[in-house]
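Participant: Below are the sequence and a predicted model; questions follow.
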Amino acid sequence: MSIRKVTKAVFPVAGLGTRFLPATKSIPKEIMTLVDRPLIQYAIDEARAAGIEDFIFVTSRGKSALEDYFDAAPIIEAELKAKNKTDLLEVLHATDMESGAIAYVRQQKALGLGHAVWCARKLVGNEPFAVLLPDDVIAAERSCLAQMVDAYNEIGGNIVAAMEVAPAKTSSYGVLDVAEDMGSLVRVRGMVEKPKPGEAPSNLAVIGRYILQPAVMEHLHEKKLGAGGEIQLTDAIARETSKGLVHGFRFRGQRYDCGSKAGFLQATVAFGLARDDLREEFAAYLNDVHALQKAAQ
Ligand code: G1P
């Protein structure tokens, strides 16, 4: 079996982000910042570290700030140059994308994650591709997608990032039915999107990183409705399990659910503490808060 290289990634960013209202009235959720970088930048950096060359954004109305973010910033750049602020110029240039590297397609109707991915089919073509959900932010020494590409280069097929979650939380995720557990890799025999409490096949949940084969796109083409009346990516991948072509991958790293407010705050604390320029002051502040809370109890 020859394993084809993964060079394209799809970023579904069409969601309204209603959980973050009122902020999302005027800013796309993906532009909300963890410390000083928008969520989408973390996903882009992770994909770049995994060798992705073509970035496909599936957007919707009201996401123009996202397109502007990846454009050149000539006014800011001229100002920084004039003032000789080389460190900030470096920060700015670290986000540069080569012209033509990002393409945008619109999802006209919110018909689900599977439908959003399907909207990218013409740009993906007949090739394996990655999918990254920017809500899931993963702090890792080696980028999560890069770890998955390493595994993919060994075994091919379809690979989904996976993580054990509390049994009470399985109904928020796609959940794997495990045929064989090999440690970091598990062979999957079925997948269920958002199983009802007590009906999950395991507590191994799908996290928003995927490496998929073109066959999954073909399944999505059938536009079958699944959980919540939406076209589910999980269902399309599940159809490949009977061929033994789906593996779950337990990545090394810490995942933050930045689709929820609590997760976003946790990520903010973690990324703040990870920064050399902020750690000391921020940690001291957190200690004070903690001490004050204890004293109040
Ligand atoms: C999506 C997927 C789900 C996956 C989750 C990971 O759900 O449909 O299978 O487990 O992302 O974050 P969402 O969170 O968009 O409802």
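Facilitator: Looks like it arrived, so ask away. Numbering: from 1, shown residues only.

Participant: what number of residues lie near Pro22?
Facilitator: When neighbours are counted by other CB atoms under 10 Å, Pro22 registers 6. All C-beta spots, glycine's among them, are computed from the backbone N, C-alpha and C.

Participant: any idea how far the ligand is from it?
Facilitator: Remark: distance between Pro22 and the ligand (CB to the nearest ligand atom, to the nearest Å) = 21 Å.

Participant: Same check on Phe129?
Facilitator: Here the criterion is CB to the nearest ligand atom. By it, Phe129 lies 16 Å from the ligand.

Participant: Contacts only, for that residue.
Facilitator: Phe129 sits next to 6, 8-10, 120, 211-212, 214 when contact means CB atoms under 8 Å, 6 or more residues apart in numbering.

Participant: now Ile138
Facilitator: 46, 144, 161, 207, 209, 251, 253-256.

Participant: ok, which residues in the stretch 151-297 of the chain are in contact with the ligand?
Facilitator: Contacts of the stretch 151-297 of the chain with the ligand, taken as CB under 6 Å from any ligand atom, map to 173-174, 193, 205-208, 233-234, 259.

Participant: Thr59 reaches Ile102, doesn't it?
Facilitator: No. Judged on CB atoms under 8 Å, Thr59 makes no contact with Ile102 at a distance of 10.7 Å.

Participant: What sits closest to Lys109 if chain neighbours are left out?
Facilitator: Distance criterion CB to CB, 6 or more residues apart in numbering; nearest residue to Lys109, sequence neighbours excluded, is His115 at 7.5 Å.

Participant: Okay, and that neighbour sits in which element?
Facilitator: According to DSSP states H and E, His115 maps onto helix 113-118.

Participant: That helix vs the ligand: in contact?
Facilitator: Yes. Judged by CB under 6 Å from any ligand atom, helix 113-118 comes into contact with the ligand at Leu113.

Participant: tell me how far that helix is from the chain's mean position?
Facilitator: Taking the mean of its C-alpha atoms, helix 113-118 sits 14 Å from the chain's own mean (CA atoms, centre = their mean, to the nearest Å).

Participant: Show me where the stretch 51-200 of the chain has its helices.
Facilitator: 64-69, 74-82, 86-93, 113-118, 121-124, 144-155 (DSSP state H, counting those that start in this stretch).

Participant: could I get those as TSV with mean pLDDT?
Facilitator: Listed next are the helices of the stretch 51-200 of the chain as TSV, based on pLDDT from 0 to 100:
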stretch	mean pLDDT
helix 64-69	91
helix 74-82	94
helix 86-93	93
helix 113-118	97
helix 121-124	97
helix 144-155	97
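
Participant: ranking those helices by burial, who's on top?
Facilitator: helix 113-118 (a mean of 25; mean count of other CB atoms under 10 Å).

Participant: Output stretch 145-158 in CSV with nothing but the alpha carbons.
Facilitator: Written as CSV, here are the backbone C-alpha positions of stretch 145-158 (Å, rounded to 0.1, in the frame of the first residue of the first chain):
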residue,chain,number,x,y,z
LEU,A,145,-1.3,16.9,13.9
ALA,A,146,2.5,16.3,13.4
GLN,A,147,2.2,13.3,15.7
MET,A,148,-0.7,12.1,13.7
VAL,A,149,1.1,12.5,10.4
ASP,A,150,4.0,10.4,11.9
ALA,A,151,1.5,7.6,12.7
TYR,A,152,-0.3,8.0,9.3
ASN,A,153,3.0,7.6,7.5
GLU,A,154,3.3,4.2,9.1
ILE,A,155,-0.3,2.9,8.8
GLY,A,156,-2.1,5.1,6.3
GLY,A,157,-5.9,5.1,6.2
ASN,A,158,-8.0,7.4,8.4
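
Participant: circling back to that earlier point, tell me which of Thr59 and Ile102 has more neighbours.
Facilitator: Remark: of Thr59 and Ile102, Thr59 carries more neighbours, 22 against 17, as counted by other CB under 10 Å.

Participant: in the sheet, who's paired with the more buried one?
Facilitator: Arg106 (DSSP bridges).

Participant: Next, count neighbours for the residue of the stretch 151-297 of the chain found nearest the ligand.
Facilitator: Scanning the stretch 151-297 of the chain for proximity to the ligand using CB to the nearest ligand atom identifies Gly174 as nearest, at 2.6 Å. For Gly174, the neighbour count with other CB under 10 Å is 26.

Participant: for it, what are its contacts?
Facilitator: Per CB under 8 Å, 6+ apart, neighbours of Gly174: 160, 191-194, 205-206, 232-234.

Participant: Run through this protein and note the low-pLDDT ranges.
Facilitator: For the chain, applying pLDDT under 70 flags the ranges 1.
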